[in-house]
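> test case, fold it:
(chains A and B)
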Amino acid sequence: MVEGIQSVSQVTSWLVAGRTLFLVIHILGVACFAYIVAKRLVPLLRAERDLRFDRPLARLEKVFKFWLGQWKHPRYKTAGTLHILIFAGFILLAMRAFTVLIVGVSQNFVMPGFSGRAGHIYDIVTDYAATVVFLCMVVAVIRRLVFKPVRYEVPARFGKAHTADAVFLLGLIAILMVADSLFEAAKAASQSQLGQPVETLAVLSLPWILQIALLPVALATIGKVYAGAYLLHEVTFYFLLCYRPFGIQFHVETSLFNVYFAKLDREILKPVRWGVSDEHLDQVKSFGVKTFEDFTWKHMLDFYSCADCGRCSDNCPSNAVGRPLSPRFLTIKARDYAFQHYPMFGHSDDGSSNGNSKPLIGHLYSEDEIWSCTTCGACEEECPLLVEYIDKIVDLRRGLIDDGNVPQSLQKPLKALESRGNPYGKMEKKKADWANAKEFQQVCQVKTLGKSNGADTLYFVDSITSYDDRIQSIGRATAKILDHVGENFGILGAAERDSGHEVRRFGEELLFTALRDHNVDAIKASGVKRIVTADPHAFNALKHDYKDVPEVEHISQVIAREVKSGKIKFNAVENGDKVYTYHDPCYLGRHNQVYDDPRDVLDAIPGLKRVEMSRSRDRSFCCGGGGLMLFYEPKEEQRMGVKRVQMAAEAGANVIVTACPFCMVNLEDAIKVAGLEGKMTAIDLAELVDQEMVREEQKAV
Amino acid sequence: MEILVCARRVPDTSENEIELNSAGNDIERDELVYSINEPDNYAVEEALQIVARIGGNVTVVTVGGEDDEEILRREMAMGANHGVLITDEAFSGSDARGIATILKAFVRKGNYDLILTGVQAEDGGAQVGGMLAAMLDYPFASLVNSIEVLEGRKLKVSREIEGGNKEMNEIDLPCVLSIQTGINEPRYVGMRGIRAVASVPIPTFGASELGVDPGAVGQAAAKVKRVDYFVPALGKGAEMLKGSREENVDKVLELVAAKGGLK
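Here you go, the predicted structure:
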């Protein structure tokens, strides 16, 4: 070590040798952290099981993409860039931090392999890394205090602003960076004053600047600064380590695990209980999440991992229209609950010992909050840490259903689904009425599949398209398109029950399995080889919720293929004033990544002018939700659909094309509510294609 | 408190398209789906809430056939402790007085503090509750939309008076109350609940067990007989308001107020 100043391990102050002091700090710091983490693990051990230990390679891929690769971060340019820089800085600085810690007790310690040139380069890199992280902290604090992005705000009903805590933590990291740099600078400054060979510091880096500042300072003072900086670094490091598990920065430790154990098959809903098959569900005593301990350990890890960045709620349509749901606070409230009920000292007071754990509904969450979610998936699409929301919402709803806590507005449709197989309580025998209307039969014959009436393809219509007067038009358009491309297809008619997509997402699992089993039997009996549907909700159910059914396609995929094959050709659009925009239905887009097919179809129509809304594709804004959500009466300031049609208007469009019957209902209503009647129309992709495609007789002309 | 709820299974008006049969004396019942008469469901919920507050048991009884077990199970899935089916060939075709006679015999066999019925059956005339009370010589309150249990075997019940006013009454137990919809928000009964009670045996009672004289009930003894059943001719359509939005709003408010919907 240099002669001018003592190595930190040899510094003696108040009769305590540096080595001893730092060893004590190390041991205390590590012990405290271990204790805190152990305490944080207690609820996870009491939680429900969750099978997440399979497919390590797929999980590592996620780690590389979402953790190391920070995949989601650029979606928010400023915050994302800052985070990527900080994250990269932390990764680079991790080894240096350990080296510095060890130097406190073992003065000449050098990481193996970093003694020579490599070490020198690493030092230069870390000088810049510390500088960048420090500057990011400054920018982040300014953002928090001056620019105050709206998404960080805490609505009054969720408590106080988190700004102070955020700034405090940012400040601590800044101090850590300064202390580290100062330690480095003091060493270099002393070397320089003694005329010894000076370790080159990275030009314009924080240590470099500090070194220049220290040059005129007396050597003895530099020695004190050197030791002081080290102590400050130590204390800050361990303070941060032990403080992080109490708030939003715990994700520094948990994120790696949260991403590794993240859900691999996002499109498949969580089972009622992991490891319990459908046949054994009857033996499960209680369904869904009713108390905190009913969450799975991974869902609790989600709560710990949330960084409070607010991206979920910033994209949540429920939050945007003033419904009581904010995904961010769904998590934050659960984390606060965990911290409060599993304290660091004393017994956890979750009440499980006396058998009456507090119900979450009524204490932590309100019923309206849980019913407000449309399961659109915008929150999950955005979360950089892959926190899951839909499964939690569905689990909480399963608990509500199990306790009979269902809004009156939903009870009737659920009862009708049970007795009639559709939420409207319409007669089964009228299910095929849309296809049997005389004028339509003259244009297109749709056969109902039966013993003597087979087909290759099943058109799965689902309830709304079968029964809703307006939406039946989408069914007829779909049938005409299938007919046009020469598809040998039929429908199940009275044998078709509701797909049960929303039944399941509203938490009524056993009603869903009854509907599903009925449909699977009917589909199998029909002998079809493939399924087509124009309803993304049915599409998603058939594709992911059902098992052992033939492959299913959405009509937009069929159309896109047949446009390419040349079977579908379009007339040029006549009305030149129309500007089209495509609204991505959640269950076609975000949940099934069908983004391009509908757009390709629109772009294949000659003369059609198409614009994109600012929120499109995987950032599409839910129209208000489908299925049972049409019956639910949410508490909201505005309709989602109204917001959506306004977005279309802002984009300069006057025709919204969508590819989902529920979107159609919501958007057409919204056009009226928004007062845009006459200025804006909505049309289904199938309807538009049916309207614009070149038919045989036209070809002949 | 021992509470008996008299319930009935009716075609669900929201899930059926009611059509006349070819004979014109009844509705076409082949493809109907049935459910518990809605006001009866509110009565069961109210009984469950009372029992949850002060303890006791809830028994749901219906007069009918095997098919009517369905609603008893549904109410048991809701939380009712017992379901009882009263069924006998001799009971078929009973008028309201006949049903009340049968229920009276059943009540006499038990020890009930409180008997609830729905305010009326969706296909009925709100007769049984009152008749049952009279036959039992119990006090009766109808159209009840809140119940408070008082000290000393008394209840405080309220009913809504036309125009929205509320009348409070004290009534001695045992008594019969007919329950208005809206008194509570009935809990949801899921598939799981129904499956859980699917195999619970449901006791049945016939004329001999109840000591009811078969000659006093049933079609032959009925003194009110249905002579016709028809769908009334549609009146003229809705009145369409033809004015500006503001004018229409004013007009609607005026119309609603005129019908007593606004004050």
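
> could I get the phi/psi values of B:Ile179?
Phi and psi for B:Ile179, reported as degrees, to the nearest 10, are phi -100, psi 130.

> my bad, should have said A:Leu264
Dihedral angles for A:Leu264 - degrees, to the nearest 10 - are phi -80, psi -40.

> need the contact list for it.
By Cβ atoms under 8 Å, 6 or more residues apart in numbering or on different chains, the contact list for A:Leu264 reads A:55, A:58-59, A:62. Glycine gets a C-beta too; all of them are placed from N, C-alpha and C.

> quick one, what contacts the closest residue to chain A within the stretch 51-200 of chain B?
Of all residues in the stretch 51-200 of chain B, B:Arg187 sits closest to chain A, at 3.0 Å by Cβ to the nearest Cβ. Counting by Cβ under 8 Å, 6+ apart, B:Arg187 makes contact with A:403-406, B:45, B:48, B:78-79.

> which pair in those residues has the greatest spatial separation?
Of all pairs drawn from the contacts of B:Arg187, the greatest distance, 15.3 Å, lies between A:Val406 and B:Leu48 (Cβ to Cβ).

> on that earlier part again, of the contacts of B:Arg187, which belong to helices?
Among those, DSSP state H puts B:45, B:48, B:78 in helices.

> follow-up on the earlier one: out of the contacts of A:Leu264, flag the one nearest to chain B.
For the contacts of A:Leu264, the nearest to chain B is A:Arg55 (31.6 Å; Cβ to the nearest Cβ).

> look up the closest residue to that closest one, ignoring the ones flanking it.
Distances taken as Cβ to Cβ, 6 or more residues apart in numbering or on different chains place A:Leu264 nearest to A:Arg55, at 6.2 Å, with adjacent residues excluded.

> residue 260: neighbour count?
The chain I'm using is chain A. Around A:Tyr260 there are 16 other residues, counting by other Cβ atoms under 10 Å in any protein chain shown.

> not quite, I wanted chain B
So B:Gly260, with other Cβ under 10 Å, has 10 neighbours.

> picking up where we left off before, quick one: the residue of the stretch 51-200 of chain B closest to chain A from A:Val394, how far?
Distance of B:Arg187 to A:Val394, given as Cβ to Cβ, to the nearest Å: 20 Å.

> how about A:Gln107?
A:Gln107 is 57 Å from A:Val394, by Cβ to Cβ.

> who has more neighbours, those two?
Taking neighbours as other Cβ under 10 Å, A:Gln107 and A:Val394 compare with A:Val394 leading, 23 against 15.

> just checking, that one touches A:Glu388?
No - using Cβ atoms under 8 Å, A:Val394 makes no contact with A:Glu388, being 10.2 Å away.

> quick one, helices of the stretch 301-450 of chain A?
A:311-315, A:317-320, A:327-341, A:367-371, A:378-382, A:390-402, A:408-420, A:433-436, A:438-443 (DSSP state H, counting those that start in this stretch).

> show me what counts as buried in the helix ranked longest in chain A.
Longest helix in chain A by number of residues (criterion: DSSP H): helix A:163-193. Buried positions in helix A:163-193, judged by neighbour count with 16 or more other Cβ atoms under 10 Å in any protein chain shown: A:165-166, A:169-170, A:172-193.

> cool, and stretch A:212-223?
A:214, A:222-223.

> same list (those residues) but as JSON lines, adding distance to chain B.
Shown next, in JSON lines, are the buried residues of stretch A:212-223 (distance: Cβ to the nearest Cβ, whole Å):
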{"residue": "A:Leu214", "distance to chain B": "72"}
{"residue": "A:Ile222", "distance to chain B": "74"}
{"residue": "A:Gly223", "distance to chain B": "74"}
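
> mean pLDDT and distance to A:Ala129 added to the helices of the stretch 301-450 of chain A, as a markdown table?
Formatted as a markdown table, those follow (pLDDT from 0 to 100; distance: least, Cβ to Cβ, whole Å):
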| stretch | mean pLDDT | distance to A:Ala129 |
| --- | --- | --- |
| helix A:311-315 | 97 | 25 |
| helix A:317-320 | 96 | 36 |
| helix A:327-341 | 94 | 30 |
| helix A:367-371 | 96 | 42 |
| helix A:378-382 | 97 | 27 |
| helix A:390-402 | 97 | 36 |
| helix A:408-420 | 93 | 54 |
| helix A:433-436 | 94 | 64 |
| helix A:438-443 | 92 | 68 |
